[in-house]
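Trainee: Sequence plus predicted model, see below.
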Amino acid sequence: MKIFKDYFVFLLGLGSILIFFPIKALAFCPLCVVATGAFTGFLRWLGVDDTIIGLWLGGFILSASMVFNNFLIKRGKRIRFQLLLIFLVFYGLPILSLYKFGALSPYNKIFGIDKIFFGTILGSLLLLSAPYLDKFLRKLNQGKIFISHQKVLIAIGLLLIISLILYFSIK
């Protein structure tokens with residue numbers, strides 16, 4: 001329960017910052033980052049399988065790193081290999097923390113890879129494919145979106161669909 005409270009307070013604070021200091025729409029919007037992070041914490045609190053948690057964690061880490069990169073670019077801060085360094089920090093710190101606190105176990109594997117790590121990779125790949133699916137759907141509709149907030153719904157929808165598939169296949 002304390003973990004859930006900590007996640008809630010953190011995400012509430014992050015959400016408040018994003019509301020009071022809005023950032024223009026980016027490829028990965030800050031609202032998606034907050035929603036994905038909150039959902040990841042909620043799933044862990046509910047006791048969902050680590051593969052599904054890793055899936056949402058991967059989506060969260062990728063979207064957070066892209067928002068941070070776009071924020072630095074907007075502020076005029078650019079360094080050599082900036083995106084690579086951001087990815088190394090944003091992916092490295094959570095994985096190292098999970099390893100340090102014993103969340104990565106040699107007995108908790110799927111396809112020979114730790115479930116959280118496998119889910120993180122899969123979630124990141126899904127979120128990377130979302131803009132391409134959005135472009136494909138827009139091309140089908142003569143450059144127009146089918147529904148409001150299509151890009152966000154595609155990203156969250158992909159994670160939800162694969163979560164359900166993993167849930168029923170692992171169960």
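Mentor: Perfect, I can see it now.
Trainee: Quick one: end-to-end distance for stretch 142-152.
Mentor: With Cα to Cα, to the nearest Å as the measure, stretch 142-152 spans 19 Å from end to end.
Trainee: which secondary element of this protein has the worst mean pLDDT?
Mentor: Lowest on mean pLDDT, DSSP states H and E among the helices and strands of the chain sits helix 2-20, with a mean of 51.
Trainee: Check which helix or strand Thr120 maps to.
Mentor: helix 115-140 (DSSP states H and E).
Trainee: which helices and strands sit right next to that helix?
Mentor: helix 50-74, helix 82-100, helix 150-170 (3 or more Cβ pairs under 8 Å, 6 or more residues apart in numbering; DSSP states H and E). C-beta here means a position set from N, CA and C on the backbone, and glycine is covered the same way.
Trainee: If you average pLDDT over each of these, which is lowest?
Mentor: Mean pLDDT is lowest for helix 82-100 among those, at a mean of 82.
Trainee: How about Gly119, nearest residue that isn't a chain neighbour?
Mentor: Using Cβ to Cβ, 6 or more residues apart in numbering and skipping residues adjacent in sequence, the residue nearest Gly119 is Gly54, 2.2 Å away.
Trainee: just Leu83 next, same as before
Mentor: Nearest to Leu83 is Asn69, by Cβ to Cβ, 6+ apart, at 5.4 Å.
Trainee: do the same with Phe118
Mentor: Per Cβ to Cβ, 6+ apart, closest to Phe118 is Ile110, 5.3 Å.
Trainee: any idea how far the one you found lies from Leu166?
Mentor: 9 Å (Cβ to Cβ, to the nearest Å).
Trainee: any shared contact partners between those two?
Mentor: Counting by Cβ atoms under 8 Å, 6 or more residues apart in numbering, the contacts common to Ile110 and Leu166 are Thr51.
Trainee: neighbour-wise, which of those two wins?
Mentor: Applying other Cβ atoms under 10 Å to Ile110 and Leu166 shows that Leu166 carries more neighbours, namely 21 against 18.
Trainee: That one against Asp50, yeah?
Mentor: No: between Leu166 and Asp50 there is no contact under Cβ atoms under 8 Å: 10.4 Å.
Trainee: what touches both of these two?
Mentor: Both Leu166 and Asp50 are contacted by Gly119, under the criterion Cβ under 8 Å, 6+ apart.
Trainee: Just the pLDDT for Gly41.
Mentor: 69.
Trainee: How about the contacts made by the residue nearest to Gly119?
Mentor: Gly54 touches 115-123, counting by Cβ under 8 Å, 6+ apart.
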